[in-house]
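Asker: structure of the sequence below:
(one chain, ligands or ions: 1)
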Amino acid sequence: MNTSPIRIFSPATVANVACGFDVLGFCLNHPGDEISMRLIPETVIRIINKTHFLIPTEPHKNTLGVSLQAFLNALNYRESGFEIIIEKKIMPGSGVGSSSASAAASVVGANYLLGNKYSKADLVQYAMQGELAASGAAHADNVAPALLGGFVLIRSYKPLDIVQIPYPADLYAAVVHPQIEVRTEDARRVLKKYVPLKDAITQWGNVGGLIAGLYRGDYELIGRSLEDVIVEPVRSLLIPSYKEVKKTALENGALGCSISGSGPSIFALCRGKEVAEKVAHAMSQKFQESEIENCIYVSAINPKGTIVLN
Ligand code: HSE
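Answerer: Modelled structure (predicted):
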């Protein structure tokens, strides 16, 4: 048995992308988690946390462990165990796919160590089990873009149908992360169960518009379509200064702006890196004016997703 460790990088993601609750997501270049993983003779999953984040290391309570176990169960694999050392950079509860990055990393790592027999698309279903453990819902709009990279549409959950969407080269994301925690589970609990037909019509018009805009490289259409009339009105109440930050992003040239995943991070899509940097700094400044600590990320869309580094 080869017990040499491999290193895996797994990036942050922006889920929902305004109008696409649970069905749209894209991948960032940074921040990202790194894990080191190796086979061990004992048939256990051993997790070692080398970060200052409080993360459970019992495999059945840990996103990495749950995803990995789901993958191993499907393979009926019992010949060795795995040791995983976590070096997390994405803060849990930040809204940029912290748990998904971990879930994606563990299944990509295990697949690699066991001979790379499965595609990343095959691995999405196992990483979703990690999301289920972390947030109570097996949503794929973080894990799919984290694994595959790029812009991703979950066309259907049953059966799982994942579609990668092309996007224009000059599309950049500005993300601001206020240093407060919003747990996905809580942010899902506040959502209304029923949607008025008029809101559904607006929302699916926007989803179609966003997809068409991405395909056509039509930045104006992308911007017009970044509107969420269903989830954002409820969840934005959990984020202090949300309205002001969004207003500032748009005034500084963002195409559109909304909550990243379940928040509290806020993302804006922009045409070009320069605009994205200006927007990110303006959003950060707005939070600072309300004395809310925050950090910013500016990134092009990451086309690769989770990768094995060595
Ligand atoms: N679609 C999920 C939600 C993403 O909004 O609850 C969580 O990051």
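Asker: can we go C-alpha only for contacts and neighbour counts from here?
Answerer: Fine.
Asker: and Ser284, what does it touch?
Answerer: 176, 294-296 (Cα atoms under 8 Å, 6 or more residues apart in numbering).
Asker: mind listing residues that contact the helix or strand of the chain with the lowest mean pLDDT?
Answerer: Taking mean pLDDT, DSSP states H and E as the measure, the chain has helix 184-189 as its least confident helix or strand, at a mean of 91. By Cα under 8 Å, 6+ apart, the residues outside helix 184-189 that reach it are 93, 95, 134-137, 235, 262-263.
Asker: okay, the residue of the stretch 1-150 of the chain found nearest the ligand: pLDDT?
Answerer: Residue nearest to the ligand within the stretch 1-150 of the chain (Cα to the nearest ligand atom): Asp22, separated by 3.7 Å. We note a pLDDT of 97 for Asp22 in this prediction.
Asker: so which helix or strand takes in it?
Answerer: Taking DSSP states H and E as the definition, one finds Asp22 inside no helix or strand.
Asker: and the helices in the stretch 51-200 of the chain?
Answerer: Taking DSSP state H, counting those that start in this stretch as the criterion, the stretch 51-200 of the chain carries its helices at 63-75, 98-113, 120-135, 143-148, 184-189, 197-216.
Asker: pick the most buried one from these.
Answerer: Among the helices of the stretch 51-200 of the chain, the stretch with the highest mean neighbour count (mean count of other Cα atoms under 10 Å) is helix 143-148, at a mean of 34.
Asker: and the contacts of that one?
Answerer: Counting by Cα under 8 Å, 6+ apart, 10-13, 25-27, 97, 100-101, 103-104, 108, 120-121, 123-124, 127-128, 131, 151-152, 162, 303-306 sit against helix 143-148.
Asker: check stretch 298-310 too.
Answerer: Contacts of stretch 298-310 (Cα under 8 Å, 6+ apart): 6-11, 26-30, 101, 104-105, 108-109, 112, 145-151, 170-175, 273, 276-277, 280.
Asker: please identify the residues of the stretch 201-310 of the chain in proximity to the ligand?
Answerer: Residues of the stretch 201-310 of the chain lying close to the ligand by Cα under 6 Å from any ligand atom are 261-262.
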